[in-house]
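Peer 1: sequence unknown, structure follows:
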């Protein structure tokens, strides 16, 4: 083993020296609060300063021998000239030198000498401050199966002036192409569940399908469609440059004609061209109730969660500090949740595409069991001149491609990320705040049709949701603008919410929690705060953007419509007991306890009753 590894390592190091020579391109990044951690690394400024006595060794060499898709790896570092700003980058593919770089066609740029940012990093003195004296440390990294091999590189010079000191041996999963991280979602009809997953198998290598059926019953195959995208699908940098990583292949299968409220099991399978099979483990889910069915139904809603690393990489406590707490609370309560809505700002990958794999692995215990419905946020969609409503660079050049491909939503056109979906007594209208919603727009017509089409006798609980706050928020920056809303947010939509008597509207984007009174045109329609009954006179607006990303400050002004505000991480759970009784709970991510709640008691006749701007202006009885 020793005789074969050392010459191979030397060959790689020689390649890196040649590739890094004559480096001149410089890129600068600020160290802003809440910035994607990988963007802090000035990859284009990297130079080679290989040290003959420095070593980095990773073990075990082969991961996932029992089919695991997540493994812990030990990395031993030994460096005679240690410093507190030395860091270890995890690279995948393992060979990260310029020989794998695509040509750059923009005349103002030259080929980078490291092709991509690492998928994660950790300071070399992590959990061992003696490193700066001894130059030795043993670090633990958690790796997920991402279709490629891995190597670990030691850099000095900090993140802003990285100097490559040593590169480790390569390690790999036993089957790097294996299907991983299933993601369930409601289909276009209530009796359809979709399964989306990622693999390394193109359709000319293997046939993807799902084998599924009633728990304990006959299992049948359903074919899967396959999608992918390339660097040219990205709208800008870093997604097209140092943030690019091959996404593999994303497969979706449609499981149809489900019986309501039934337990199903499923397994992902790829039939290889040589006749052998690659199979995932067996998962299970419960199908949706029939629309209008009277039974216990539980919904979780939050936004802006992002991802974090359980091994302490990427200084996650400074970037998405609540992400793992939210994830873990949902996993802990899985048996008491029926469907999840993550309303925008999913991963905060911001153009660093490897992070989508990391996120799908993080939420896999949830998404493999429950339908996980997403909405489009600014960090998924926005990019100048790309058709988004906002010309910000928040998506890092992804311009919606990752969200639209990695997750299924029952939209007519996934590039227009608005859709409706039913769950028993609930009817959800999910808007896309990154496309025009104003009166006369295509989306406005969808929203009105979605709200108008629900039969409130069967589905009394009507929910509207969008990523940005199209309703009410006393967030600091909205307060400074004076309107306590996204500019132009509610001007067109509030008459629809009122006319169709929307119960609750949910938003993310603002990273805190806030609940309003039932409100219409800036006025509370009731003085009640904890129990609402009778006629639907106004919509309750809820900001639930504390899923995990750095928190947002409130305005010092507290509007009279603001019932409860919380500067913390959390999520909302709705429990429909029957057609006339709904429980709303806001839970903190750190402990899962309820910190704000209210109930709604209502009969069908209360929805029919006329309220201000909620009925036609004239009748035939003149």
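Peer 2: Good, I have the coordinates. Given the structure is predicted, the values throughout are model-derived calculations rather than measurements. Numbering: from 1, shown residues only.
Peer 1: Please, where are all the strands along the stretch 501-622 of the chain?
Peer 2: 504-507, 513-520, 523-524, 531-533, 539-544, 562-566, 570-578, 581-588, 594-601 (DSSP state E, counting those that start in this stretch).
Peer 1: What strands line up against the fourth one, and which way round?
Peer 2: Sheet pairing for strand 531-533, assigned by DSSP bridges, gives strand 594-601 (parallel).
Peer 1: average model confidence for the strand it pairs with?
Peer 2: Mean pLDDT, computed over strand 594-601, is 98.
Peer 1: Quick one: distance of it to the chain centre.
Peer 2: Distance of strand 594-601 from its chain centroid, counting by Cα atoms, centre = their mean, to the nearest Å, is 27 Å.
Peer 1: so where do the strands sit in the stretch 351-500 of the chain?
Peer 2: Going by DSSP E, counting those that start in this stretch, the stretch 351-500 of the chain shows strands at 372-375, 419-423, 426-430, 461-466.
Peer 1: just to revisit the earlier point, of all the strands of the stretch 501-622 of the chain, which lies closest to residue 380?
Peer 2: Among the strands of the stretch 501-622 of the chain, strand 504-507 comes nearest to residue 380, with 15.3 Å by Cβ to Cβ. C-betas here are computed from N, CA, C, even on glycine.
Peer 1: strands paired with that closest one, and their directions?
Peer 2: Paired strands of strand 504-507, with direction, are strand 461-466 (parallel), strand 539-544 (parallel) (DSSP bridges).
Peer 1: Around residue 275, how many other residues sit close by?
Peer 2: 6 (other Cβ atoms under 10 Å).
Peer 1: SS state for it?
Peer 2: Three-state call for residue 275 (DSSP: H, G, I helix; E, B strand; the rest coil): coil.
Peer 1: which residues touch residue 356?
Peer 2: Residue 356 makes contact with 247, 347, 349, 402, 406 under the criterion Cβ atoms under 8 Å, 6 or more residues apart in numbering.
Peer 1: Need the max-distance pair from these.
Peer 2: 247 and 347 (12.5 Å).
Peer 1: Now do the shared contacts for these two.
Peer 2: Counting by Cβ under 8 Å, 6+ apart, the contacts common to residue 247 and residue 347 are 356, 402.
Peer 1: Would you format the contacts of residue 356 as CSV with neighbour count and pLDDT included?
Peer 2: Below are the contacts of residue 356 laid out as CSV (neighbours: other Cβ atoms under 10 Å; pLDDT from 0 to 100):
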residue, neighbour count, pLDDT
247, 22, 97
347, 28, 96
349, 27, 96
402, 27, 97
406, 24, 98
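Peer 1: now, which of those sits nearest residue 166?
Peer 2: residue 349 (28.1 Å).
Peer 1: That closest one: what secondary structure?
Peer 2: Residue 349 ends up coil, using three-state DSSP.
Peer 1: Find the nearest non-adjacent residue to it, please.
Peer 2: Using Cβ to Cβ, 6 or more residues apart in numbering and skipping residues adjacent in sequence, the residue nearest residue 349 is residue 355, 3.6 Å away.
Peer 1: And for residue 410?
Peer 2: residue 188 (4.3 Å).
Peer 1: Just list whatever residues bridge to residue 212.
Peer 2: Bridge pairing for residue 212 - DSSP bridges - gives residue 220, residue 266.
Peer 1: To what extent is it buried, counted in neighbours?
Peer 2: Counted by other Cβ under 10 Å, the residues lying close to residue 212 total 23.
Peer 1: give the contact list for it.
Peer 2: By Cβ under 8 Å, 6+ apart, the residues touching residue 212 are 195, 219, 220, 222, 255, 264, 265, 266, 267.
Peer 1: mean confidence for stretch 413-420?
Peer 2: Mean predicted confidence for stretch 413-420 is 94.
Peer 1: Mind listing what's buried along stretch 121-128?
Peer 2: 121, 122, 123, 124, 125, 126 (16 or more other Cβ atoms under 10 Å).
Peer 1: out of the contacts of residue 212, who has the most neighbours?
Peer 2: Highest neighbour count within those: residue 195, with 26 neighbours (other Cβ under 10 Å).
Peer 1: Next, work out how far apart that residue and residue 369 are.
Peer 2: 11 Å (Cβ to Cβ, to the nearest Å).
Peer 1: cool, residue 298 as well?
Peer 2: With distances taken as Cβ to Cβ, residue 298 is found 13 Å from residue 369.
Peer 1: can you check residue 353 too?
Peer 2: For residue 353, the distance to residue 369 equals 26 Å [Cβ to Cβ].
Peer 1: which of the two has more neighbours?
Peer 2: For residue 353 versus residue 369, neighbours defined as other Cβ under 10 Å are more numerous around residue 353 (27 against 19).
Peer 1: Would you mind listing the residues in contact with the more buried one?
Peer 2: Contacts of residue 353 were listed using Cβ under 8 Å, 6+ apart, and they are 239, 243, 244, 245, 247, 398, 402.
Peer 1: What is the nearest of those to residue 86?
Peer 2: Once Cβ to Cβ is applied, the member of the contacts of residue 353 that ends up nearest residue 86 is residue 243, at 23.5 Å.
Peer 1: Can you pull the phi/psi pair for that closest one?
Peer 2: Dihedral angles of residue 243 (phi, psi; degrees, to the nearest 10) stand at phi -90, psi -10.
Peer 1: show me the contacts for the residue nearest to residue 349.
Peer 2: By Cβ under 8 Å, 6+ apart, the contact set of residue 355 is 36, 38, 119, 307, 347, 348, 349.
Peer 1: from these, which single one is nearest residue 88?
Peer 2: residue 119 (11.9 Å).
Peer 1: Was I right to think the closest one contacts residue 361?
Peer 2: No - Residue 119 is beyond contact range of residue 361, at 11.5 Å (criterion: Cβ atoms under 8 Å).
Peer 1: More neighbours: which of these two?
Peer 2: Legend: neighbour count by other Cβ under 10 Å for residue 119 and residue 361, higher for residue 119 (25 against 20).
Peer 1: Near the nearest residue to the more buried one once chain neighbours are set aside, how many other residues are there?
Peer 2: With sequence-adjacent residues excluded and distances taken as Cβ to Cβ, 6+ apart, residue 119 is closest to residue 354, at 4.1 Å. For residue 354, the neighbour count with other Cβ under 10 Å is 24.
Peer 1: Kindly report the same for the one 3 residues further on.
Peer 2: Residue 357 is flanked by 25 other residues according to other Cβ under 10 Å.
Peer 1: So for this protein, which residue is the most central one in space?
Peer 2: For the chain, residue 346 is the residue whose C-alpha lies nearest the centre (Cα atoms, centre = their mean; 2.4 Å).
Peer 1: which residues does the residue nearest to residue 426 when sequence neighbours are not counted contact?
Peer 2: With sequence-adjacent residues excluded and distances taken as Cβ to Cβ, 6+ apart, residue 426 is closest to residue 461, at 4.8 Å. The contact partners of residue 461, by Cβ under 8 Å, 6+ apart, come to 425, 426, 427, 503, 574, 576, 582.
Peer 1: Roughly how far does residue 66 sit from residue 197?
Peer 2: For residue 66, the distance to residue 197 (Cβ to Cβ) stands at 19 Å.
Peer 1: my read: residue 448 touches residue 496, true?
Peer 2: Yes - shown here, residue 448 and residue 496 form a contact pair, counting by Cβ under 8 Å, at 5.6 Å.
Peer 1: between the two, which one's more packed in?
Peer 2: Just comparing residue 448 and residue 496: by other Cβ under 10 Å the higher neighbour count belongs to residue 496, 20 against 17.
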